[in-house]
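>>> let's see this in three dimensions:
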Amino acid sequence: MRRRLINSTLSVVLVVIAVFGISLVLVETRTISDSAQESVDSEALRLISVVESRLLGEERITPAVLDEQVVGDRYARVELPGRAPIEVGTRPGGNAITSVVDGEEGERVTVEESRSAVTREVGRTLLIIGAVALLAIISAVLLAVRQANRLTSPLTDLAETAERLGSGDPRPRHKRYGVPELDRVADVLDASAERIARMLTAERRLAADASHQLRTPLTALSMRIEEISVTDDPDTVKEEANIALTQVERLTDVVQRLLTNARDPRTGSAVVFDLDEVIKQQIEEWRPAYRGEGRAVVRSGRPGLRAVGTPGAVAQVLAALIENALMHGGGTVALRTRVTGNQIVVEVTDEGVGVPADLGARIFERSISGRNSTGIGLAVARDLAEADGGRLELLQQQPPVFALFLGSVARTPQEQERPVR
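Got it, this is the predicted structure:
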């Protein structure tokens, strides 16, 4: 493309120089020839006037007198009636510039000049025009190279940007070139790079969230399958199989929830559900793990609450809090339900040292962890809670108290009078 731009620019310049150069040469040649003829005519008129004035004054006309009047190397011939012609200078041979003037007394003056002078003047003019044309061509080449570089260099940059996008490097360059068309292409590539970066970030986040959220259900499912493999009791096999099926349903719900949250974190499918069932299921699922650590997980607070949200998402949030307490906390873990205003609150607390003072509210940020863990669990739990219109907060650092706020439905007077256990 660079070569084509230079060639096209030079072609245009050469055509313009050829058209205007030839026209200028023709005009200048004609002008020089006309100027030389006018000069010879003027010389002849001046000589005839000198001859007439001397004839009227009865003065002698000699070659010496005429030689003083003739300019340069011109040839002059004066013819007088009844006298021999008087000649001054050397008569040029060939095609000369000639002017003949007749006087009132019958005299005649002829002036001739060689065309070599005209030829030399035309040659000088052609040399000047050629020099100007050469300068124009050199300037055109320099401008063409500069313009070609100005256009091809951005195209090379844009090609490199597109290649980087194709190779998985979505960083936008934010580089502009001062050419509206090229800047438009750069804008589109930068916008595409940002979209690809967001997509890659979402995919990586989904992969990390999925590996974290599926770890515990898969472990529980593995334990149930091991129980089935080592028992011969049909009732135990049936019970464990039913529990395993429940675990599979939970896995399906976790995957679906993660996919939905990855597409649009604000998308929720909130329904009215029995909060006791979700809490009971989580306690039963985590009790073996706590028992293995010599710890316990219990619940307290107001029973029979009906919350607004997605049961699967709430279960995942509680699972993240319970797992966090198992990994970083100590002693008994308690899940307490209460009502405040038009919201239901599920508090999860333990008897450990709590959240370090330097973390505070940053505990919900990704990759933030008090110990050697991924730092993903609480961040995913917060996203899931917000997707259902709820929120997850750290109410107290020492001892730690995490609170999940959910929407509630109107309760009957009997439910309002039910005591808290």
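>>> now do the helices in this protein.
Secondary structure of the chain by DSSP state H: the helices cover 2-56, 63-69, 116-166, 180-230, 234-263, 275-292, 311-328, 377-387, 413-417.
>>> ok, which of these comes nearest G106?
Among the helices of the chain, helix 2-56 comes nearest to G106, with 9.9 Å by CB to CB. Where you see a C-beta, it was placed from the backbone N, CA and C, and this is true even at glycine.
>>> which other helices and strands contact that closest one?
helix 63-69, strand 75-79, strand 97-102, strand 108-113, helix 116-166 (3 or more CB pairs under 8 Å, 6 or more residues apart in numbering; DSSP states H and E).
>>> buried set for the first one?
Neighbour-count burial for helix 63-69 flags V65, L66 (criterion: 16 or more other CB atoms under 10 Å).
>>> and the contacts of that helix?
Residues from elsewhere that reach helix 63-69 (CB atoms under 8 Å, 6 or more residues apart in numbering): R46, L47, V50, R54, A76, V78, I86, E87, V88, G89.
>>> rerun that using 10 Å as the cut-off
Outside helix 63-69, the residues within contact range by CB atoms under 10 Å, 6 or more residues apart in numbering are 43, 46-47, 49-51, 54, 59, 70, 76-78, 86-89, 109.
>>> picking that back up, deepest of the helices and strands packed on helix 2-56, which one?
strand 108-113 (a mean of 22; mean count of other CB atoms under 10 Å).
>>> that one vs helix 2-56, what angle?
Angle of strand 108-113 versus helix 2-56, following axes from the mean of the first three to the mean of the last three CA atoms, to 10 degrees, is 150 degrees.
>>> name every strand pairing with strand 108-113 and say which way it goes.
Take DSSP bridges as the rule and strand 108-113 pairs in its sheet with strand 75-79 (antiparallel), strand 97-102 (antiparallel).
>>> how about the contacts made by the residue of the chain positioned farthest from its centre?
For the chain, the largest distance from the centre (CA atoms, centre = their mean) belongs to G82, which lies 99.2 Å off. Residues in contact with G82 (CB under 10 Å, 6+ apart) are G106.
>>> touching, I32 and R124? I think so.
Yes - between I32 and R124 there is a contact at 9.4 Å, judged by CB atoms under 10 Å.
>>> need the helices and strands packed on helix 2-56 in CSV with distance to T337, can you?
Converted to CSV, the helices and strands packed on helix 2-56 look like this (distance: least, CB to CB, whole Å):
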stretch, distance to T337
helix 63-69, 133
strand 75-79, 132
strand 97-102, 123
strand 108-113, 124
helix 116-166, 51
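>>> for V15, find the nearest of these.
Distance to V15, taken as CB to CB, is lowest for helix 116-166 among the helices and strands packed on helix 2-56, at 11.2 Å.
>>> show me where pLDDT drops low in the stretch 301-421 of the chain?
360-361, 367-375, 410-421 (pLDDT under 70).
>>> go again using 90 as the cut-off
With pLDDT under 90 as the threshold, the stretch 301-421 of the chain has low-confidence stretches at 309-317, 319-320, 323-324, 327-329, 341-342, 352-390, 396-399, 407-421.
>>> now the strands for it?
Counting by DSSP state E, counting those that start in this stretch, the stretch 301-421 of the chain has strands at residues 306-309, 333-340, 343-349, 391-396, 401-408.
>>> ok, which of those comes nearest P170?
Checking the strands of the stretch 301-421 of the chain against P170 by CB to CB gives strand 391-396 as the closest, at 31.1 Å.
>>> so for the closest one, what gets flagged as buried?
Buried residues in strand 391-396 (16+ other CB under 10 Å): L392, L394.
>>> please apply the same query to stretch 52-59.
Those would be L55, for stretch 52-59 by 16+ other CB under 10 Å.
>>> domain map for this structure?
2-134, 265-417 (automatic domain parsing).
>>> save those domains as TSV, and put in distance to V145 too.
As requested, the domains of the chain are exported to TSV (distance: least, CB to CB, whole Å):
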stretch	distance to V145
domain 2-134	6
domain 265-417	52
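>>> can you say which of those domains is nearest to H174?
Smallest distance to H174 across the domains of the chain (CB to CB): 25.3 Å, for domain 2-134.
>>> starting at the chain centroid, how far to the closest one?
68 Å (CA atoms, centre = their mean, to the nearest Å).
>>> same question for it, mean pLDDT?
Average pLDDT, domain 2-134: 84.
>>> adjust the sequence numbering to begin at 16 for everything that follows.
Got it, first residue is 16 now, which makes that one domain 17-149.
>>> would you quantify the distance from L399 to V332?
Counting by CB to CB, to the nearest Å, the separation of L399 from V332 is 5 Å.
>>> name the residues contacting each of the two.
Shared contacts of L399 and V332 (CB under 10 Å, 6+ apart): G324, T325, G405, L407, L419.
>>> just the buried members of those?
Among the shared contacts of L399 and V332, those classed as buried by 16+ other CB under 10 Å are G324, T325, G405, L407, L419.
>>> centre-most residue in this structure?
Central residue of the chain (CA atoms, centre = their mean): D205, at 3.1 Å.
>>> so who does it touch?
T176, R186, P187, R188, H189, K190, R191.
>>> show the buried residues in those residues.
For these, a neighbour count by 16+ other CB under 10 Å gives the buried set as T176, P187.
>>> is it true that N357 touches V424?
Yes - the pair N357 / V424 is scored as a contact, 9.3 Å apart, by CB under 10 Å.
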